[in-house]
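Visitor: Structure for the following, please:
(4 chains)
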Protein chains: 2
Amino acid sequence: MEGKSVAGRIHDAIHRLTSAEKRAARGLLGSYPTLGLAPVAEFAQQAGASSATVLRFVAQLGYKSYPDFQRALREELEERSKSPLQRSQSATGQPAGDKNFLDRFVTQEIENLRGSASLIPASEFEEVCERLADTRGACWLAGGRFTDFVAGYMEAHLRLIRQGVRRLDGRVATRADQLIDVKPGDVAIIFDVRRYDPGLVDVSVELAARRAQIVLVTDEWMSPVSRFAKLVLPCRTDMGRTWDANGALFTVVEAVIARTTELSWPTASKRMGSIEGTSS
Amino acid sequence: MEGKSVAGRIHDAIHRLTSAEKRAARGLLGSYPTLGLAPVAEFAQQAGASSATVLRFVAQLGYKSYPDFQRALREELEERSKSPLQRSQSATGQPAGDKNFLDRFVTQEIENLRGSASLIPASEFEEVCERLADTRGACWLAGGRFTDFVAGYMEAHLRLIRQGVRRLDGRVATRADQLIDVKPGDVAIIFDVRRYDPGLVDVSVELAARRAQIVLVTDEWMSPVSRFAKLVLPCRTDMGRTWDANGALFTVVEAVIARTTELSWPTASKRMGSIEGTSS
DNA sequence: TCAATGCTGAAATCATAAATTCAGAGGGGC
DNA sequence: GCCCCTCTGAATTTATGATTTCAGCATTGA
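Guide: Predicted coordinates for the structure are as follows:
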């Protein structure tokens, strides 16, 4: 009873409802779930009933109050907009043991990429790249347990196109030493996805104290580091129940690298020329 | 101005928002449109800002009041569910006319992902995962200049689900020492994209001599390592003239990790439990 | 037709959410 | 490094929306 969808509850309860209450039910089903998100008065008017009736209707469905009912609708809506992979898996009941695994994974990842692109405002993306192409300050990178490799990948590329790139390694002990060199106006790129690394918050506090500008690359649930960040690039990582995937982070990083290279081509091309032929 | 979608207005306005207002904007984009349908206080809390800031943010978007803003969201939602073309997120927001850099990049990357999925036979993918789920032999990883970070990312995940994972670091000097431990039946995952790393061919020769089974992750032009490989996962990396992108490699690696984890769940879950701390 | 029952909505009340204010913090410029 | 100006969120006020009440109306059964 508790965990049922609102529409489900309506169907269960509809015979118990009085005729005016049924009007409310029909109204809601007719433009579901929007009408339920409106104020009671509007719901009532649209459904052709009084506010009091709508309230009684909502009570019949088992909700403690109208706001409580609205919360249920919102949660449902939120749930619905989540990953198709999750739903298809649980819907078919397949333990996903078949040969389509890669296809399904890739399909979901494509959704995440699209989602990320629309989550990131163009101006934000551009600002990040411009900031990176400006080589007056140094550029620091740090990541969490897994994202540290993405940070490393970015570092390796950034080193080709600009000077002053340094990575903060994961060992807490040495971080203090490294942070000593941070100057106001430096830029710091932090990678943090859930479960968020508390150490990165500490680092960010310190970076903020030293007036570095923090660029945060994170997931849709937003690392707490965002409080300190000047710029944020949120990426979709949700892959359904079990997994999060960082593919979108990686691609956004590649896009930043590509764009930054474009922006700093005069400088970068010389640099790359001189590094060329040097082995790693 | 009047008839614009809320998401569109956010993108238009984001550059003139103050930083706390941006947090509100990001919060809303992150769970769109649900968060905006919640009361101000909840919106504020979820987005990590104060109610006052959320109200100012809404005013910046050009709405007369918070209820006015919510009405707009509801109408949008209603509109979307009525329209026969159910097209998802990409429909929200921009007129899709002139595409910005990130959009173009992501679009291209999506092509690469699709291409990779069709380039890799399902049976090949499945065999790789089964081979990795079989923990009788050790598992070695090595990558090139940039792909080494992808190897590192994979190593970090594989360590969670199985024993005997080791990475060959890039220094030629120490490689011989590390390779001494390779036993027949071990599996080695090599990452190599163009410009191919000659060192990796050397490593592969040695690995082959020691009867290790080589899994090669490469690009569509095929690393020379493929001569020694038992299994190959080719990925599309082409981004047009200047760039290659390794996003597809990364995603294929994540798919392999996910599938391998599924296959070895009985073992892996215990391991992950004892290591504590699982997500990316 | 006349009770009896209980449904309904207008109006009154109450609660909660929105809007405003303002003191203090933080950031940017000189 | 200091000052000024803008931004921020806690506290307060205002407004709006949720809830309750109750008189009247409809329906049902005798």
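Visitor: What helix or strand is residue A:256 located in?
Guide: Assigned by DSSP states H and E, residue A:256 belongs to helix A:247-263.
Visitor: can I assume residue A:194 is in contact with residue A:219?
Guide: Yes. Look at residue A:194 against residue A:219 with Cβ atoms under 8 Å: they come within range, at 6.1 Å. Any C-beta I mention is one placed from the backbone N, CA and C, and that applies to glycine too.
Visitor: Now for the two: what residues contact both?
Guide: Any residue near both residue A:194 and residue A:219 by Cβ atoms under 8 Å, 6 or more residues apart in numbering or on different chains counts here, and that gives residue A:244.
Visitor: Looking at those two, which is more packed in?
Guide: Comparing residue A:194 with residue A:219 by other Cβ atoms under 10 Å in any protein chain shown, the one with more neighbours is residue A:219, at 27 against 16.
Visitor: got a pLDDT number for that one?
Guide: Among the per-residue scores, residue A:219 shows a pLDDT of 90.
Visitor: Please identify the residues of chain A in proximity to DNA strand D?
Guide: When proximity is defined by Cβ under 7 Å from any atom of the strand, chain A lies next to DNA strand D at A:39-41, A:51-52, A:55, A:58, A:65-67.
Visitor: just the buried members of those residues?
Guide: When burial is judged by neighbour count using 16 or more other Cβ atoms under 10 Å in any protein chain shown, the buried members of the residues of chain A next to DNA strand D are A:40, A:55, A:58, A:66.
Visitor: got the contact list for the closest residue to the first one other than its chain neighbours?
Guide: Across the structure, with Cβ to Cβ, 6 or more residues apart in numbering or on different chains as the measure, the residue nearest residue A:40 apart from its sequence neighbours is residue A:51 (4.8 Å). With contacts defined as Cβ under 8 Å, 6+ apart, the neighbours of residue A:51 are A:40-41, A:43-44.
Visitor: repeat that with 6 Å
Guide: Taking Cβ atoms under 6 Å, 6 or more residues apart in numbering or on different chains, we find residue A:51 in contact with A:40-41, A:44.
Visitor: can you check residue A:191 too?
Guide: Residues in contact with residue A:191 (Cβ under 6 Å, 6+ apart) are A:143, A:147, A:150-151, A:217.
Visitor: if we go to 8 Å?
Guide: Contact analysis of residue A:191 by Cβ under 8 Å, 6+ apart lists A:141-144, A:147-148, A:150-151, A:217-218, A:249.
Visitor: separation between it and residue A:129?
Guide: With distances taken as Cβ to Cβ, to the nearest Å, residue A:191 is found 17 Å from residue A:129.
Visitor: With residue A:103 instead?
Guide: Relative to residue A:129, residue A:103 is positioned 33 Å away (criterion: Cβ to Cβ).
Visitor: residue ranges for the helices of the stretch 101-250 of chain A, please.
Guide: For the stretch 101-250 of chain A, applying DSSP state H, counting those that start in this stretch gives helices covering A:101-119, A:122-133, A:147-161, A:172-179, A:198-209, A:247-263.
Visitor: Determine which stretch of these is the most buried.
Guide: Between the helices of the stretch 101-250 of chain A, helix A:247-263 has the highest mean count of neighbours, a mean of 25, where neighbours are mean count of other Cβ atoms under 10 Å in any protein chain shown.
Visitor: Residue A:16: neighbour count?
Guide: Other residues near residue A:16 come to 9 when the count uses other Cβ under 10 Å.
Visitor: Among the buried ones among the residues of chain A next to DNA strand D, which one sits closest to chain B?
Guide: Distance to chain B across these (Cβ to the nearest Cβ) is lowest for residue A:66, with 12.0 Å.
Visitor: Make sure that closest one is actually in contact with residue A:59.
Guide: No. The criterion here is Cβ under 8 Å, and residue A:66 misses it with residue A:59 at 9.0 Å.
Visitor: Mind listing the shared neighbours of the two?
Guide: Both residue A:66 and residue A:59 lack any common contacting residue under the criterion Cβ under 8 Å, 6+ apart.
Visitor: Mind telling me which residue is nearest the centre of chain A?
Guide: Relative to the mean C-alpha position of chain A, the nearest C-alpha, by Cα atoms, centre = their mean, is the one of residue A:220, at 1.1 Å.
Visitor: Now for that one: which residues touch it?
Guide: When the contact criterion is Cβ under 8 Å, 6+ apart, the partners of residue A:220 are A:115, A:119, A:234-238, B:30-31.
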